[in-house]
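In: Here is my input; please provide its structure:
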Amino acid sequence: MSSLTYRWSALSDMGLRRNDNQDAGYAGPHLLVLADGMGGAAAGDLASSLVVRELRKLDADVYSQDDDSMEALAGAVHRANDVLGDAIAENPAVEGMGTTLEALLWDGTHLRQAHIGDSRSYRLRDGRLTQLNDDHTFVQSLVDEGRISPEEARVHPHRSLILRALLGRDDNDPDLITLTPQSGDRYLLCSDGLSDMVDDAVIEQTLAHESIDMAATELVRKALEGGGHDNVTVVIAEFVSAEDDAHDDTGAGAAGTESGDGTESTTEIGPGDELACADGKPQIVGAAAMQPRPPTGRAVTPSGHLEVDPEEARYAPRPPKRFRALRWILGLVIIAALLAGGIKIGYDWTQRQYYVTDHRGYVAIYRGVSADIPGLDLNHLDRTTDVRVSDLPEYNRQQVREGIEARDRDDADKIVQNLTESADKQGGGKEDADGDEKSPSKRSPGASDSPRNTPSALAPGGAGAEIENAWTVSS
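Out: Numbering: from 1, shown residues only. You can find the predicted model right below:
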């Protein structure tokens, strides 16, 4: 099997309705990153540029099969989140800023992916487009529960409400996924400025363009033609054999460049001209390519009123409401009433929940919830496996010990399958015909073609209840 390498292209545009670009993109020889800043006037552009700046340090290293590139990526994401927390602590005016993240780290054999938020990654293989992650959004949780269809989700009024993002706190972690590219694959990272404006069928057709530079240009153009309601950023990688790349690094298309005032421009290149990445230099676009504006918090109009930024209205946490103590008292009264009259209903609900954790050194599935109430058993052992926790990679061991929530029993089985594959890879796994890693083990139920976790089902209380975060274990 010949070794692989990839060509890259990145392009960003402010869109037709925004006054600044809060997206940030990076493409280099080992790393692809896209971050969509949020918080509006609370400095979303600062958040995305800080995260990209921290992650791009990974591109300075060359990874081999013996290196734990997934550990390196997970560590870099946590450090980037800490950088956000430090920036907020130093300047409370930017409280509420945050960012989504899509990152792909190439170690020469596999792509290690980190995903959090509603930005997306796609793979085009043999002319077929596949979305590689699930949106961490309220409407996606409704789709997962079967309450609305994917078509309804595209026009849902709350489709941009994000449940997970990098916010400088320690309560949100990314989904970590391993992918195995094949020659000819194209990978696309994009902000919701593209996916909200352009259907997947059109993205599939456009991504298959003759060159990745032209594909990037056409994707941005179609997003603008579709309305351009938001910043739009695309980062593309095309995998080729190293031998072919050494003899053929030309193409036709267009490359995105930064002009002096920080806006994007497009330069047409004709057949036979080199791709924009032919010089081997990384491409940095959007907020990461510009000096972030001073973080001043919310603006004030001449009349003295606070100006509401559209991004802040969509993403940023709401300010605390008044009468907090009264709300707490009322809440406790309601909880007491519910406990008095609805303990049986609540208990039945807990017994429909599942989670995966450590049982005497082995991976096990528990039914119920991981909580202790005197006089009431809320969980019991459902099934043990022969997967030793000590055989798992370090980040998987930590997840198992803390407990991994599952949507239902089938989801718990998928989590066990992914853990089994991770344990087998420690001793050497194998790949399936489609290129993604599969384990030869038969110790747990069937594997998922797109291993990842989504937010768990809404807890009792209706569609407005808080949705708990869930770790994702993927191979």
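
In: what's the burial count for I345?
Out: I345 has 10 neighbours, counted by other CB atoms under 10 Å. Every C-beta, even on glycine, is put in place using the N, C-alpha and C of the backbone.

In: how would you label it: helix, strand or coil?
Out: helix (DSSP: H, G, I helix; E, B strand; the rest coil).

In: Helix, strand, or coil at the nearest residue to N396 once chain neighbours are set aside?
Out: Distances taken as CB to CB, 6 or more residues apart in numbering place S422 nearest to N396, at 5.2 Å, with adjacent residues excluded. Assigned with three-state DSSP, S422 falls in the helix class.

In: got the buried residues for stretch 60-77?
Out: For stretch 60-77, the neighbour count (16 or more other CB atoms under 10 Å) marks Y63, S69, M70, A72, L73, A74, A76, V77 as buried.

In: Same question for stretch 123-136.
Out: Quick answer for stretch 123-136 (16+ other CB under 10 Å): R123, L124, R125, L129, L132, N133, D134, D135, H136.

In: Also stretch 236-247?
Out: By 16+ other CB under 10 Å, the buried positions in stretch 236-247 come out as I236, A237, E238, F239, V240, D245.

In: how about those residues in JSON lines, adding distance to A43 and pLDDT?
Out: As requested, the buried residues of stretch 236-247 are exported to JSON lines (distance: CB to CB, whole Å; pLDDT from 0 to 100):
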{"residue": "I236", "distance to A43": "28", "pLDDT": "98"}
{"residue": "A237", "distance to A43": "29", "pLDDT": "97"}
{"residue": "E238", "distance to A43": "34", "pLDDT": "97"}
{"residue": "F239", "distance to A43": "36", "pLDDT": "97"}
{"residue": "V240", "distance to A43": "39", "pLDDT": "96"}
{"residue": "D245", "distance to A43": "39", "pLDDT": "66"}
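
In: so of those residues, which ones are in strands?
Out: Mapping the buried residues of stretch 236-247 onto strands (DSSP state E) picks out I236, A237, E238, F239, V240.

In: just to revisit the earlier point, now the buried residues of stretch 60-77 in a markdown table, with distance to A289?
Out: Converted to a markdown table, the buried residues of stretch 60-77 look like this (distance: CB to CB, whole Å):
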| residue | distance to A289 |
| --- | --- |
| Y63 | 25 |
| S69 | 26 |
| M70 | 28 |
| A72 | 24 |
| L73 | 22 |
| A74 | 26 |
| A76 | 20 |
| V77 | 21 |
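
In: Turn the residues you listed into JSON lines, columns for distance to S141 and secondary structure.
Out: What follows is those, written out as JSON lines (distance: CB to CB, whole Å; DSSP: H, G, I helix; E, B strand; the rest coil):
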{"residue": "Y63", "distance to S141": "34", "secondary structure": "coil"}
{"residue": "S69", "distance to S141": "30", "secondary structure": "helix"}
{"residue": "M70", "distance to S141": "26", "secondary structure": "helix"}
{"residue": "A72", "distance to S141": "30", "secondary structure": "helix"}
{"residue": "L73", "distance to S141": "26", "secondary structure": "helix"}
{"residue": "A74", "distance to S141": "24", "secondary structure": "helix"}
{"residue": "A76", "distance to S141": "28", "secondary structure": "helix"}
{"residue": "V77", "distance to S141": "22", "secondary structure": "helix"}
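
In: wait, which of these is closest to L46?
Out: Distance to L46 across the buried residues of stretch 60-77 (CB to CB) is lowest for V77, with 17.6 Å.

In: Quick check, pLDDT for the closest one.
Out: pLDDT for V77: 96.

In: quick one, what contacts it?
Out: V77 is in contact with L55, L101, A103, A114, I116, L166, P174, counting by CB atoms under 8 Å, 6 or more residues apart in numbering.

In: So which of those is the closest to S9?
Out: The nearest one, if we look at those relative to S9 and count by CB to CB, is A103, at 16.7 Å.

In: Low-confidence regions, the chain specifically.
Out: 1, 40-42, 63-67, 245-273, 291-324, 341, 375, 427-475 (pLDDT under 70).

In: where along it do the helices fall?
Out: Taking DSSP state H as the criterion, the chain contains helices spanning 44-55, 69-90, 138-144, 150-154, 192-195, 200-207, 212-225, 242-247, 310-314, 324-350, 394-402, 409-426.

In: could I get these as CSV with distance to A10?
Out: As requested, the helices of the chain are exported to CSV (distance: least, CB to CB, whole Å):
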stretch, distance to A10
helix 44-55, 11
helix 69-90, 18
helix 138-144, 26
helix 150-154, 26
helix 192-195, 13
helix 200-207, 14
helix 212-225, 7
helix 242-247, 18
helix 310-314, 22
helix 324-350, 45
helix 394-402, 28
helix 409-426, 31
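
In: among those helices, which is nearest A24?
Out: helix 44-55 (3.9 Å).

In: Can you pull out the residues in contact with that closest one?
Out: With contacts defined as CB under 8 Å, 6+ apart, helix 44-55 is touched by 20-26, 31, 33, 35-39, 76-77, 79-81, 83-84, 87, 94, 97-99, 101, 103, 166, 284, 286-288, 290, 292-293, 295, 311, 315.

In: any idea how far the residue sitting nearest the centre point of the chain lies from T357?
Out: For the chain, H115 is the residue whose C-alpha lies nearest the centre (CA atoms, centre = their mean; 2.1 Å). Distance, H115 to T357, using CB to CB, to the nearest Å: 24 Å.

In: is Y122 in a bridge, and if so with what?
Out: Following DSSP bridges, Y122 is listed with bridge partners Q131, L188.

In: Hmm, it is touching L194, no?
Out: No: Y122 is not in contact with L194 according to CB atoms under 8 Å; the separation is 9.9 Å.

In: neighbour count winner among those two?
Out: Using other CB under 10 Å as the criterion, Y122 and L194 rank with L194 on top: 27 against 21.

In: so how many other residues sit close to S12?
Out: 30.

In: surely it meets M290?
Out: No: using CB under 8 Å, S12 is not in contact with M290; the gap is 10.0 Å.
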